[in-house]
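one predicted model, sequence on top.
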Amino acid sequence: MIHTPIKPMLLHKSNTPPSGDYIHQVKLDGFRCILTSTAEGIKLHTRHQNECTLQFPELQISLPPEMVLDGEMVVMREGRPCWESVMRRFQAGQSSVNQLTEELPAQFSAFDMIYVDGQDVT
């Protein structure tokens, strides 16, 4: 069973990578988002628990139910993540969401699975 709300583990700045057997990822210029897939569909929440599902209708994709992913919401411009564009999408009112979905399509870059089939896998 999925327990909500789920808060993501936040990044910490470091001048050097940690030593040891770790995998490193580039920080994308977007905002943290928790994606929850249920039988009713996809729900999106910011790290502050603000729902932002309606601002990103293109993310209503088919995923197994009872899955929670932690990741970054990103809008790419000229091949690079664009902070201003993703914030424009996030702050969009319902009247402009469809136009912005075409103009500034968003992507969810998942980097951690929290629940799979309703089971905590952290």
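Done, it's in. This structure is a prediction, so every number in the text was calculated from the model and none was measured. Numbering: from 1, shown residues only.

how about stretch 76-96: buried residues?
By 16 or more other C-beta atoms under 10 Å, the buried positions in stretch 76-96 come out as 76, 81, 82, 85, 86, 88, 89, 90, 92. No exception for glycine: its C-beta is placed from N, CA and C like everyone else's.

tell me the mean pLDDT over that stretch?
The average of the pLDDT scores along stretch 76-96 is 94.

end-to-end on it?
Taking C-alpha to C-alpha, to the nearest Å, the first and last residues of stretch 76-96 lie 19 Å apart.

any idea how far residue 18 is from residue 27?
Shown here: residue 18 relative to residue 27, a distance of 15 Å by C-beta to C-beta, to the nearest Å.

now residue 78
19 Å.

what about the helix or strand bottoming out on mean pLDDT in the chain, distance to the chain center?
Across the helices and strands of the chain, mean confidence by mean pLDDT, DSSP states H and E is lowest for strand 119-120: a mean of 88. In terms of C-alpha atoms, centre = their mean, to the nearest Å, the centre of strand 119-120 is found 19 Å from the chain centre.

residues making contact with that strand?
Strand 119-120 is contacted by residues residue 114 when judged by C-beta atoms under 8 Å, 6 or more residues apart in numbering.

same question, stretch 63-73
Outside stretch 63-73, the residues that touch it by C-beta under 8 Å, 6+ apart are 2, 6, 8-9, 28, 30-39, 42, 44, 52, 56, 86, 89-90, 106-118.

what's the neighbour count on residue 110?
Residues lying near residue 110 (other C-beta atoms under 10 Å) number 14.

where in this structure is pLDDT low?
1-5, 9-12, 25-26 (pLDDT under 70).

and the helices in it?
Assigned by DSSP state H, the helices in the chain fall at 83-90, 94-103.
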